[in-house]
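**Student:** any chance you can model this:
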Amino acid sequence: MPRLNEPAPAFTAVTTQGEISFPDDFAGHWVVFFSHPADFTPVCTSEFMTFAHMEEEFAAYNTKLLGLSIDSLYGHIAWLRLITERMEYRGWKNVEVHFPLIEDIKMEIARKYGMIQPGEGDTQAVRAVFIVDPQGILRTIMYYPMSTGRNMREILRIIKALQTTDEFDVATPADWVPGERVIVPTAGSCGIAKERMQGEVEGVECVDWFYCTKALDEQTIEQAIRRDPKEVLGR
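**Tutor:** All right, here's what the predicted structure looks like:
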């Protein structure tokens, strides 16, 4: 099983966009690597349409999408064509999926990433999400049951939070969104902690010695982490 803050397990695979080597081919970009139980299923269809609809929005934060199921390449192609030609979700029509979808018939990659959960099924991957940073390090892991569709806005929020914490050396509290106050790391000495508690550190407010926050406006964050999505996607 992969673990947080360790290198993402490497593999090569055939996808709907050609052969890839992961994570090397994605170096320099964040990646949302996710699995779904099966093609031609309703929940998965709604998820793929949502991911495809938001692809440029993810790319604006230097993030690429990569999908996987244990279906064949030909099954993937047929399903994605059907999505474009026939499906409608939330008023979206003619949705084209441009990001790669991995063929994993032998379940080798799915097993390597712990996407096969016997309690949910032995022959289908659960709805797993792995967020990998530009250095190929695994930063977030999420698992969903087969019956529950993912919240893509939450996945994007996590990416923004990770990039903000990396860029500004802070932490983010519960339900944080860009523009809200961020958490300042615990003081390294009693003297600094005392100065914070007495309000002597500019911009820092403390409820107690271990809980201090500061303002970090959304514009500052956006200037630091936002990218041109066309450059990220290369199209």
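
**Student:** got the contact list for the longest helix seen in the chain?
**Tutor:** Looking across the chain with DSSP state H, the single longest helix is helix 152-168. Around helix 152-168, the neighbours that count as contacts under Cβ atoms under 8 Å, 6 or more residues apart in numbering are 30, 32, 47, 50-51, 54, 57-58, 61-63, 129, 131, 133, 139-140, 142, 170-172, 176-178, 182, 216, 221, 224-225. To be clear about C-beta, it is placed using only N, CA and C from the backbone, and glycine gets the same treatment.

**Student:** redo that, cut-off 6 Å
**Tutor:** 30, 50, 54, 61, 63, 139-140, 171-172, 178, 221, 224-225 (Cβ atoms under 6 Å, 6 or more residues apart in numbering).

**Student:** which of the residues you listed fall in strands?
**Tutor:** 30, 63, 139, 140 (DSSP state E).

**Student:** looking at these, spot the one nearest residue 186.
**Tutor:** Checking those against residue 186 with Cβ to Cβ, the nearest one is residue 139 at 21.2 Å.

**Student:** pretty sure that closest one is touching residue 133, no?
**Tutor:** Yes: between residue 139 and residue 133 there is a contact under Cβ atoms under 6 Å: 5.1 Å.

**Student:** count the residues that sit near residue 21.
**Tutor:** Neighbour count for residue 21, taken as other Cβ atoms under 10 Å: 11.

**Student:** and residue 117, by the same measure?
**Tutor:** 16.

**Student:** how about it: what's its closest non-neighbour residue?
**Tutor:** residue 126 (4.8 Å; Cβ to Cβ, 6 or more residues apart in numbering).

**Student:** tell me which other helices or strands the next helix or strand after the longest helix of the chain touches.
**Tutor:** Per DSSP states H and E, the first helix or strand lying C-terminal to helix 152-168 is strand 182-184. In terms of contacts (3 or more Cβ pairs under 6 Å, 6 or more residues apart in numbering; DSSP states H and E), strand 182-184 is packed against strand 211-214.
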